[in-house]
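Enquirer: how would this look folded up:
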Amino acid sequence: MALELYMLGLITHDMGKALEFYRRLGLDIPEGSEKQTHVGVKMGSGLTFFLDSDPSRWDPGFVSRDEPEHLEAADSYRSVLEFYLETQDAVDTKYAELTGFGYQGRRAPYKTSFGMYFALIDDPDGNTILLSGDLAANETSEEG
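Expert: The predicted model follows:
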């Protein structure tokens, strides 16, 4: 099966303003989302569009533009294209393959506190690509 785009995420500084804009654009964003730091909207195609105002919650290396140590080109990003690879092993393999071809790794594979396994890599134009898998899927495949 061919790899498909799983999520498209935008980093926002003001969740309220961002939600207002995307509601006016026509997205069906749940009421009460203004209190959240991460808001996802499942599109009809199956793709999830998300807005996140605190990416450091899931990317411990993210440096906000508001922080003094912010380095525009090195440690932050404004958008994320997520490709779901299902397992930790698949993320490790794909990350090693891409960095082996010389693509710039942004964040080596790591476990999150909410059961996901992530790695970040930049495409040739500097766009941030998130490779993701479920930690539980890896445990299931090891037991089977």
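
Enquirer: going forward, measure contacts between C-alpha atoms and count neighbours the same way
Expert: OK.

Enquirer: helix, strand or coil: sort out Val41 for me.
Expert: Reduced to three states with DSSP: H, G, I helix; E, B strand; the rest coil, the structure at Val41 is strand.

Enquirer: correction: Phe49
Expert: Following three-state DSSP, we place Phe49 in the strand state.

Enquirer: roughly how far does it sit from Val39?
Expert: Taking Cα to Cα, to the nearest Å as the measure, Phe49 falls 8 Å from Val39.

Enquirer: one more: Ile29?
Expert: 8 Å.

Enquirer: the two: which is more packed in?
Expert: Ranked by neighbour count (other Cα atoms under 10 Å), Ile29 and Val39 place Val39 first, with 19 against 16.

Enquirer: for the protein, longest strand please?
Expert: strand 79-87 (DSSP state E).

Enquirer: how about residues contacting the helix or strand just after that one?
Expert: Next helix or strand after strand 79-87 toward the C-terminus (DSSP states H and E): helix 88-100. Helix 88-100 is contacted from outside by 85, 105, 108-109, 117-119, 121, 131-135, 137-138, using Cα atoms under 8 Å, 6 or more residues apart in numbering.

Enquirer: mind checking which of those are in strands?
Expert: 85, 105, 108-109, 117-119, 121, 131-134.

Enquirer: between those residues, which is nearest Arg78?
Expert: Proximity of the ones in strands among the contacts of helix 88-100 to Arg78 (Cα to Cα) peaks at Ile121, which lies at 13.9 Å.
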